[in-house]
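Enquirer: sequence below, structure please.
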Amino acid sequence: MSSLANILILSVAVFLVANVIPGIRVKNYGTAVIVAVVYSVINFLFGWLLILLTLPFMIITFGLFKLVINAILLWATDKLIEDFKIKDFFTTFIAALCITLFDSLIRWVF
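Expert: Prediction:
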């Protein structure tokens with residue numbers, strides 16, 4: 001699948017999660033696309049490093065610690081984009097979980 005399709009799928013997931021979970025604010029769908037792009041860039045640049053640094057936790061938790069890493073990356077995205085706000089870290093963790101699930105579901109269906 002192309003990078004553009006991946007960004008669009010992730011932006012749909014971000015937009016859906018923002019509309020479902022209270023405590024997350026996305027101004028409009030354009031902002032969701034920007035969130036998807038910034039999140040993807042941050043994940044590409046720093047995601048592998050965080051996975052490498054937390055490898056023992058990843059092994060012990062059978063990969064579930066990646067949700068914490070996704071939450072940290074989503075928090076960083078929240079701090080970089082003005083029109084995207086998440087209330088607290090618990091909400092960020094739930095949002096990261098839901099975005100991962102929605103993203104996987106959308107990719108599975110299409």
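Enquirer: quick one: terminal-to-terminal distance for stretch 16-24?
Expert: End-to-end distance of stretch 16-24 (C-alpha to C-alpha, to the nearest Å): 11 Å.
Enquirer: mind checking the longest helix of this protein?
Expert: The helix that spans the most residues within the chain, counting by DSSP state H, is helix 89-109.
Enquirer: show me what counts as buried in that helix.
Expert: Within helix 89-109, the residues scored as buried using 16 or more other C-beta atoms under 10 Å are Thr91, Thr92, Phe93, Ile94, Ala95, Ala96, Cys98, Ile99, Thr100, Phe102, Asp103. The C-beta positions use only the backbone N, C-alpha and C, and glycine is treated the same way.
Enquirer: tell me how far the second one lies from Leu55.
Expert: What that stands for is Thr92. Distance from Thr92 to Leu55, counting by C-beta to C-beta, to the nearest Å: 23 Å.
Enquirer: ok, back up a step: make CSV out of the buried residues of helix 89-109 and add pLDDT and distance to Val20.
Expert: Output for the buried residues of helix 89-109, formatted as CSV (pLDDT from 0 to 100; distance: C-beta to C-beta, whole Å):
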residue, pLDDT, distance to Val20
Thr91, 95, 12
Thr92, 95, 15
Phe93, 95, 15
Ile94, 95, 10
Ala95, 94, 9
Ala96, 93, 14
Cys98, 92, 7
Ile99, 89, 11
Thr100, 87, 14
Phe102, 86, 9
Asp103, 81, 14
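Enquirer: helix, strand or coil for Lys85?
Expert: Secondary structure, DSSP: H, G, I helix; E, B strand; the rest coil: Lys85 is strand.
Enquirer: could you list the residues in contact with whichever strand or helix holds Leu49?
Expert: Element membership of Leu49, judged by DSSP states H and E, is helix 48-53. Residues outside helix 48-53 that contact it (C-beta atoms under 8 Å, 6 or more residues apart in numbering): Met58, Lys66, Ile69, Ile72, Leu73.
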